[in-house]
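S.K.: No sequence on hand, only this structure:
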Ligand code: PLP
C-alpha cells in the first residue's frame, strides 16, 4: 500500500501542466512558432543584469564551501537583514531579520505556513478565483479549503459572502493580490473592511484568524498611481508569503520567504512552528547561492514594461473582438469569459486555432479562461488573428 492521495496528485497533473506538456508535443509537430501557448506563468523577461553580475561576483570572490554550503534553517542572516531593510524602506515598517524565514519560493512559503498553523478541523478561506495549489496545500495539511465567491465580473471582495463563510473553525484567510488568474488588485478600502471584519470575528470567537498574504506578484502592477496595500499595516495577524519567481524572473531557482511580524498573535510560537514545518517537510534550507544573490538584489525587479505592453495590446485587441475581459491591474494574466458555458469546451475550440488557454474551473471560477501574457509581444501579435477567428466562430 502507498499513499492514495499522493498517487492521485502525481497522476493527475494540474490542468496547466497538462497544457504545458501538450504545447511541447504540438511544437514538435508543427513548429514552436505556430503554437500560441498562453498556459503557464513562466516569466519571459530575463532577470535583471544585476542578478547575473551578483552570481558572477559571488562565484568569483566567495569560498565555494561557504557559497554552496547549508545556511541556517531560517536562512542566511545577511540575506534576511537585506530583505527586512528593503521592506522597511518601501513600506515604512520596522521588520528585522528574525521576522523572516527563507523558503524555496511562494509554493513552499504557503505550504509551510499552512502546515505551521493547521490543526484538525481547521478551515482556510480564499477568494475566487484562486491559485489551484491552495487546495493541495490545505487538504494535504488535513484542513478544509472554503472558497468565498467574489463580486461577479469585478472579482472584488463580497463582504456579505465573506461574513457568512467565517466561522469559529476559520484559521486563516488566504489573499492573493495582484491576483492569479484575474490580475485584480484589492483596493485600500477593501483591505480596511477585510481587516475590520476579521478583527470583529477574532473578538467574537476568541482566537486569532490569520491573514496569509500570497504576494509573488506584488511588484507587477502597471499603473504607477495604483497602490497595492501592504497587508501587515492594516491587519495585525498577517503573515506574508513572498517569492522572487516573478519579480526577479527566477522561478527555477526557488527562492522566497515567509514574513512573521512581531505584532501577530503568538508570534514566537508561530515563527517556531514555521521553522518546525519547514523541518518536517524536509526543506532543510532555501538554496544557498540564490539567498546570497537576494542579499545583493532585494528590492530590484526585472524589466516589467514588457508585461504592461503585452497587457495593453491583448486587452485592447480582445475587447475589440468581442471578448469580455476583467481589466487586469497587475500580475501577467488576462481572465476572459468563455464564449460558451463550458470553459473546457471553449479551450478545446481555441486549441483548433493553436491557442492554448487554461479553463477557469480549477481556479474556482467556471465559465472563464486564463491567458498568461508573460510571452513575447511577437507571440501576442501573431496570435491575434487566431483570437479573432475564434470569436467569429461564436458569431462575434
Ligand atoms: N501563488 C500564486 C498566486 C502563484 O501564481 C504562484 C505561481 O505561479 C505561486 C504562489 C507559487 O510561486 P513560486 O514559483 O514562487 O513557488
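M.R.: Okay, I see it. This structure is a prediction, so every number in the text was calculated from the model and none was measured.
S.K.: nearest spatial neighbour of residue 157, skipping sequence neighbours?
M.R.: Excluding the flanking residues, the one nearest residue 157 by C-beta to C-beta, 6 or more residues apart in numbering is residue 190, at 5.1 Å. Heads up, the C-betas are built off the backbone N, CA and C, glycines and all.
S.K.: For the stretch 251-396 of the chain, which residues score under the pLDDT cut-off?
M.R.: Across the stretch 251-396 of the chain, nothing is flagged by pLDDT under 70.
S.K.: about what we covered before: the residue nearest to residue 157 should be in a helix, yeah?
M.R.: Yes. If the criterion is DSSP: H, G, I helix; E, B strand; the rest coil, then residue 190 is within a helix.
S.K.: buried sites along stretch 245-260?
M.R.: Buried residues in stretch 245-260, counting neighbours by 16 or more other C-beta atoms under 10 Å, are found at 245-251, 253-260.
S.K.: follow-up on the earlier one: looking at it, the residue nearest to residue 157 is touching residue 158, isn't it?
M.R.: No. Residue 190 is beyond contact range of residue 158, at 10.3 Å (criterion: C-beta atoms under 8 Å).
S.K.: So what does the residue in the stretch 151-300 of the chain positioned nearest to the ligand look like in phi/psi?
M.R.: Closest approach between the stretch 151-300 of the chain and the ligand, counting by C-beta to the nearest ligand atom: residue 243, at 3.0 Å. Main-chain dihedrals, residue 243, degrees, to the nearest 10: phi -150, psi 150.
S.K.: check contacts around it.
M.R.: Residues in contact with residue 243 (C-beta atoms under 8 Å, 6 or more residues apart in numbering) are 103, 105, 106, 107, 109, 215, 216, 255, 256.
S.K.: Kindly state the beta-bridge partners for the last one.
M.R.: Beta-bridge partners of residue 256, counted by DSSP bridges, are residue 103, residue 243.
S.K.: Could I get the contacting residues of it?
M.R.: Shown in contact with residue 256 (C-beta under 8 Å, 6+ apart): 102-106, 108-109, 216, 241-245, 286.
S.K.: Closest one to residue 22 out of those, please.
M.R.: Of all those, residue 245 has the smallest distance to residue 22: 22.8 Å, by C-beta to C-beta.
S.K.: What separation do you get for the residue nearest to residue 306 when sequence neighbours are not counted and residue 218?
M.R.: Distances taken as C-beta to C-beta, 6+ apart put residue 45 closest to residue 306, at 5.2 Å, once the chain neighbours are dropped. Distance of residue 45 to residue 218, given as C-beta to C-beta, to the nearest Å: 16 Å.
S.K.: Would you mind listing what in this protein touches the ligand?
M.R.: Contacts of the chain with the ligand, taken as C-beta under 6 Å from any ligand atom, map to 41, 105-107, 131, 176, 180, 214, 216, 243, 245, 251, 256.
S.K.: so how far is the ligand from the nearest residue to residue 384 once chain neighbours are set aside?
M.R.: For residue 384, ignoring the flanking residues on the chain, the nearest one in space by C-beta to C-beta, 6+ apart is residue 317 at 5.2 Å. Distance of residue 317 to the ligand, given as C-beta to the nearest ligand atom, to the nearest Å: 24 Å.
S.K.: since we're on the residue nearest to residue 157, how many residues are nearby?
M.R.: A count of nearby residues for residue 190, using other C-beta atoms under 10 Å, gives 16.
S.K.: where do the helices sit along the protein?
M.R.: In the chain, the helices defined using DSSP state H lie at 4-11, 15-30, 49-61, 64-68, 77-91, 105-117, 133-139, 159-165, 188-205, 267-280, 288-297, 305-320, 343-352, 377-393.
S.K.: just the ones you listed: most buried one?
M.R.: Stretch with highest mean neighbour count among the helices of the chain: helix 105-117 (a mean of 25; mean count of other C-beta atoms under 10 Å).
S.K.: and it with helix 267-280, angle?
M.R.: Using axes from the mean of the first three to the mean of the last three C-alpha atoms, to 10 degrees, the inter-axis angle of helix 105-117 relative to helix 267-280 is 120 degrees.
S.K.: Start the count at 454 instead of 1 going forward.
M.R.: Let's use 454 as the start, then, which means that last one is helix 558-570.
S.K.: what's in contact with helix 558-570?
M.R.: The contact list for helix 558-570 (C-beta under 8 Å, 6+ apart) reads 554, 556, 577, 586-587, 590-591, 594, 596, 624-625, 627, 663, 665, 667-669, 692, 694-698, 704, 707-711, 723, 726-727, 729-731, 733-734, 736, 739.
S.K.: let's go with 7 Å and repeat that
M.R.: With contact meaning C-beta atoms under 7 Å, 6 or more residues apart in numbering, helix 558-570 is reached by 556, 577, 586, 590-591, 594, 624-625, 663, 665, 667, 669, 692, 694-696, 698, 707-711, 723, 726-727, 729-731, 733-734, 736.
S.K.: likewise stretch 624-634?
M.R.: So stretch 624-634 is in contact with 494, 570-571, 575-580, 582-584, 587, 596, 608, 638-639, 651, 662-667, 670, 673-674, 681, 684, 782-784, 786, 788, 813, 816, 823, going by C-beta under 7 Å, 6+ apart.
S.K.: Among those, name the buried ones.
M.R.: Taking 16+ other C-beta under 10 Å as the criterion, what is buried in these is 494, 570-571, 575-580, 582-584, 587, 596, 608, 638-639, 651, 662-667, 670, 673-674, 681, 684, 782-784, 786, 788, 813, 816, 823.
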